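**Student:** Sequence and predicted structure, then a few things I'm wondering about:
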Amino acid sequence: MRIGVNLSGAEWGEDHLPGVLGQDYVFPSERSLQYWAEQGLTRLRVPFRWERLQPTPGGPLDEPYLEQLVLAADRAAAAGLQLAFEPHNFGRYRIEGTDWIIDQSDGRGRTPVSRYDLADLWVRFAHELGGHRAVWAYDLMNEPHDMGGSDWKRISQCVVVAIRAAGDTKLILVPGDGWSGSEWWKQRNGRRAWIDDPAGNILYEAHCYFDGNRGGRYELSYDEEAAKDGDLATVGRRRVTPFLDWCRDNGVGGIVGEFGVPHADPRWLPVMDGFLDAVAEAGMDAFYWAAGEWWQDYAIGIQPSPDYAVHRPQLARLKGQMSGGLEES
């Protein structure tokens, strides 16, 4: 299997839009990109904020922000890395402090943000970056959830059609509704795969965490989680299996876009191992959440020390999984 890393930062500062580069948000540095190339984790998922790249739905892209995305891609190409970019917006777009769900009416006969706006974003993005040798995939949207009367299936199908109509055949990652949660994938997204792709080049994307709230916060200790779940060692495999089964039953490809465990307690590492074993057995790849220049203090972060000399303990396990056998940290 191939394991990648989320390089977070460009989506930070959601309460400060558009915000100031270096103060509210940050792009992957050349050194960070080189580090992951050196570690052999050569596919990266790079979040960005939709409102920064496209300040008006359906409008032109913001040139300075776009230039930073291009610079990240250039640096990645030089390091031999491949990137999947994704708008970290949860099925929403913020306008004057209000998060509008895609295709949601404002109650006065208008739709502030529509599926066609998301399609427009991706067509413009593909025009600018689709031919870049470092861009491996388009990841349509991070974790759509609580969409109300909006239909994520129709929204995502519309975007795929628009990208293909523009002549682009690049791989598209299609997340699921319900935070893309692997454990409840079928309940939130139905029994059947829904994307009709003329290019036949998509992967469905799920996310999977192992803590009680399923969101990767790990607010309880390992002991507290174990007291609630008598078989905590297998929770990773158990939670990802519904998604793996759904993909198999539908004859479609899948990928896990986020997973992670705390670095302070080594007892979580075997939980991650079981999860990775299940994903590998299904022939899928996965992206660890998360790394990035501002993530040194993040409980499940995998960003190394500021001088890049001290690795996080999760790294050896990820590298061992890719080489076919576990490495001890």
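**Tutor:** Yes, it's here. Numbering: from 1, shown residues only.
**Student:** Just the buried positions in stretch 52-64, please.
**Tutor:** 52-54, 57, 61-62 (16 or more other CB atoms under 10 Å). (C-beta placed from N, C-alpha, C; glycine too.)
**Student:** Ok, stretch 83-95 next?
**Tutor:** 83-94.
**Student:** Now, these that are in strands?
**Tutor:** 83-87, 92-94 (DSSP state E).
**Student:** Low-confidence ranges, the stretch 201-329 of the chain, go.
**Tutor:** In the predicted model of the stretch 201-329 of the chain, residues 324-329 satisfy pLDDT under 70.
**Student:** can you give me the strands for it?
**Tutor:** 202-207, 254-258, 286-291 (DSSP state E, counting those that start in this stretch).
**Student:** would you turn these into JSON lines with distance to residue 247 and mean neighbour count?
**Tutor:** Shown next, in JSON lines, are the strands of the stretch 201-329 of the chain (distance: least, CB to CB, whole Å; neighbours: other CB atoms under 10 Å):
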{"stretch": "strand 202-207", "distance to residue 247": "6", "mean neighbour count": "26"}
{"stretch": "strand 254-258", "distance to residue 247": "4", "mean neighbour count": "26"}
{"stretch": "strand 286-291", "distance to residue 247": "13", "mean neighbour count": "25"}
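**Student:** Let me have these in TSV, extended by distance to residue 246.
**Tutor:** Shown next, in TSV, are those (distance: least, CB to CB, whole Å):
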stretch	distance to residue 246
strand 202-207	8
strand 254-258	8
strand 286-291	16
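**Student:** I'd like to know which of those is closest to residue 241.
**Tutor:** strand 202-207 (10.9 Å; CB to CB).
**Student:** Can you tell me which of the buried residues of stretch 52-64 is closest to residue 108?
**Tutor:** residue 57 (16.8 Å).
**Student:** Restricted to helices, list the buried residues of stretch 52-64.
**Tutor:** 52-53 (DSSP state H).
**Student:** Which single one of the buried residues of stretch 52-64 is nearest to residue 139?
**Tutor:** residue 53 (13.6 Å).
**Student:** Alright, calling it a day.
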